[in-house]
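K.L.:
Just the structure for this:
(2 chains)
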Protein chains: 2
Amino acid sequence: MDYYGSIEAGGTKFVCAVADETLTIIKRISLPTMSPEETLKQVFDFFDEYELKAMGVGSFGPIDVNRKSNTYGYITSTPKHGWRNVDLLGRLKERYDIPIAWTTDVNAAAYGEMHLGAGKETQSCIYLTVGTGIGGGAVVNGAVLEVFSHPEMGHITVQRYPNDKLESTCPYHDNCLEGLAAGPALEKRTGTKGQSLPSNHEVWEIEAFYLAQALLNYTLVLSPEKIILGGGVMKQQQLFPLIRESLKVQVGGYVSLPPLEEYIVGCDLGDDSGTIGCLLLAKKKEG
Amino acid sequence: MDYYGSIEAGGTKFVCAVADETLTIIKRISLPTMSPEETLKQVFDFFDEYELKAMGVGSFGPIDVNRKSNTYGYITSTPKHGWRNVDLLGRLKERYDIPIAWTTDVNAAAYGEMHLGAGKETQSCIYLTVGTGIGGGAVVNGAVLEVFSHPEMGHITVQRYPNDKLESTCPYHDNCLEGLAAGPALEKRTGTKGQSLPSNHEVWEIEAFYLAQALLNYTLVLSPEKIILGGGVMKQQQLFPLIRESLKVQVGGYVSLPPLEEYIVGCDLGDDSGTIGCLLLAKKKEG
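P.N.:
Predicted coordinates for the structure are as follows:
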């Protein structure tokens, strides 16, 4: 039996999984993210039991995905204690002499959703997760998008909602999407966590305005076939029609878009987008 | 001898060229854009003399580049009188039974600059023209970027320069890049055409702020290896250092970029970017 490994390396947890060649997940474990040493020890314990053919890693970032770089495979300027400038890919390669695919967590999720989820009939899609932070990944003509670096779509600048004076929660930017629309911004606006707010709260309109503005700008730059939204904030189903409505207003009739119900959609793979994406990337890397 | 044809189809002029197999341009003509009938007659007169192996067309837009669409090859919702919903590619194919590559004028220029110009050592770059309008094209991993549609980078929303109250010159958007930073906006701000303004005029700082903001957002979405700037406004060489400086401030240290002198550059092919791009696309289409 051929086995494939997947690591979704997150800032709060590492999700490791092993699947057979049909990509059926056989075993999965979720580990709280400790120091690199402690975490990697548990990761190795998990995978050592299997003879893996290949592995796929989708990591929190920023990470170095530039093959020409000396630090390819590193987690780079993360604020996460102990993880800055850690050669995660190198450590894994040291342990396992197999092909290992390496990309961002959101690129992996975009890849998973495009091939087996909400983007199945497309060749190019964007995946955006809206939660504690906002991150985007993209697949263009079937391949994850990473060139000089990887997308950092959560930090694009946005124009303010009329009279919105919220102080951005992003330490880097006064007017970026993440700073005005991620979970912490929602909470700062209302004094309440997003999941505790009523679905008809006026804040959802502000939230939809910012997300729609970002989706419009992604569309004008990348022109994907579909945009798939995931993450904790997007569990608020009422956001989808609000985002579509706001997007329609903001696009101003300038570009033609696919029908918005098909263009702006949720995940099909739920919490498995990233794991499935890593497994697919592992299989591709081997092949 | 094998010949290749190139058409840069613009709203004000059509530039047609014929090159030999080394892509040396043998003959070139510039035609004012009249009605489709009149213009195409002259285009046919020009090319009929040659036995072309293939042709490349870079057209003003919006155009339909979606192969799954019934109107693939059309110029679509242009305000240009007489050209709306014209099947330009179809008309050319009717006349010439050869492979014809079809993309936007700016995608063609991006392709030309990437292969033989300022982006020669890259695989992924953005080309932005700043003139009467603002348009962007992109090459990603060696291929022009067009999926559901083509980029419309000129119309991304931008956050206002402090206290900038200029009424946008874009009929579609109150706060898009083109409406606040293309040639007509420059003229509206100052009462003078850009080329007549002194190079130390304060307006260049505002211009650089908007362009840098756009380049930052393109970078966060696409992460290209290089951004190449062309068009009439970019003949103002003083803009390059101002844009780099403003970009450095706006990025806020969040993402790592190539050295900015190498990242933000002018065209190497001058006015030939588009023609060279079309010829390269023609040759590729044939091959």
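
K.L.:
do stretch A:225-235 and chain B meet?
P.N.:
Yes. Using Cβ under 8 Å from any Cβ of the partner chain, stretch A:225-235 reaches chain B at A:Glu225. Backbone N, C-alpha and C define where each C-beta goes, glycine included.

K.L.:
and that stretch, how far from the chain's centre?
P.N.:
Offset of stretch A:225-235 from its chain centre (Cα atoms, centre = their mean, to the nearest Å): 10 Å.

K.L.:
If you count neighbours, what's buried in it?
P.N.:
Buried residues in stretch A:225-235, counting neighbours by 16 or more other Cβ atoms under 10 Å in any protein chain shown, are found at A:Glu225, A:Lys226, A:Ile227, A:Ile228, A:Leu229, A:Gly230, A:Gly231, A:Gly232, A:Val233, A:Met234.

K.L.:
Farthest pair within the residues you listed?
P.N.:
A:Glu225 and A:Gly232 (25.4 Å; Cβ to Cβ).

K.L.:
residues contacting the residue positioned nearest the centre of chain A?
P.N.:
Nearest residue to the geometric centre of chain A (Cα atoms, centre = their mean): A:Val106, 2.3 Å. Residues in contact with A:Val106, defined by Cβ atoms under 8 Å, 6 or more residues apart in numbering or on different chains, are A:Gly58, A:Tyr127, A:Leu128, A:Thr129, A:Gly135, A:Gly136, A:Gly137, A:Pro151.

K.L.:
Quick one: residues contacting the closest residue to A:Tyr254 other than its chain neighbours.
P.N.:
Closest residue in space to A:Tyr254, ignoring its immediate chain neighbours: B:Tyr172 at 4.3 Å, by Cβ to Cβ, 6 or more residues apart in numbering or on different chains. B:Tyr172 is in contact with A:Gly252, A:Gly253, A:Tyr254, B:His155, B:Gly179, counting by Cβ under 8 Å, 6+ apart.

K.L.:
Tell me the buried residues within those.
P.N.:
A:Tyr254, B:His155, B:Gly179.

K.L.:
In helices only, show me the residues you listed.
P.N.:
B:Gly179 (DSSP state H).

K.L.:
Closest one to B:Ala17 out of the buried ones among the contacts of B:Tyr172, please.
P.N.:
For the buried ones among the contacts of B:Tyr172, the nearest to B:Ala17 is B:His155 (29.4 Å; Cβ to Cβ).

K.L.:
What is the burial count for the closest residue to the closest one other than its chain neighbours?
P.N.:
Of all residues not flanking B:His155 in the chain, B:Cys176 sits nearest, at 4.5 Å (Cβ to Cβ, 6+ apart). Neighbour count for B:Cys176, taken as other Cβ atoms under 10 Å in any protein chain shown: 28.

K.L.:
Against which helices or strands is the host helix or strand of A:Val221 packed?
P.N.:
Assigned by DSSP states H and E, A:Val221 belongs to helix A:203-222. Packing contacts for helix A:203-222, counted by 3 or more Cβ pairs under 8 Å, 6 or more residues apart in numbering or on different chains; DSSP states H and E, involve strand A:125-130, strand A:134-140, helix A:177-181, helix A:183-190, strand A:226-230, helix A:239-251, helix B:203-222.

K.L.:
Of all those, which one comes closest to B:Trp83?
P.N.:
Short answer: helix A:239-251, nearest of the helices and strands packed on helix A:203-222 by Cβ to Cβ, at 22.0 Å.

K.L.:
buried sites along that closest one?
P.N.:
With burial defined by 16+ other Cβ under 10 Å, the residues of helix A:239-251 counted as buried are A:Leu239, A:Phe240, A:Leu242, A:Ile243, A:Arg244, A:Ser246, A:Leu247, A:Gln250, A:Val251.

K.L.:
near chain B too, which of these?
P.N.:
Checking the buried residues of helix A:239-251 against chain B by Cβ under 8 Å from any Cβ, the ones in range are A:Gln250.

K.L.:
Go through the buried residues of helix A:239-251 and say which is closest to chain B.
P.N.:
Closest approach between the buried residues of helix A:239-251 and chain B, by Cβ to the nearest Cβ: A:Gln250, at 7.5 Å.

K.L.:
Distance of A:Gly90 relative to A:Ile100?
P.N.:
Computed with Cβ to Cβ, to the nearest Å, the distance linking A:Gly90 and A:Ile100 is 10 Å.

K.L.:
ok, A:Val140 to B:Gln250 distance?
P.N.:
A:Val140 is 25 Å from B:Gln250, by Cβ to Cβ.

K.L.:
Sorry, wrong one. I was asking about A:Thr22.
P.N.:
Note on A:Thr22: its distance to B:Gln250, by Cβ to Cβ, is 47 Å.
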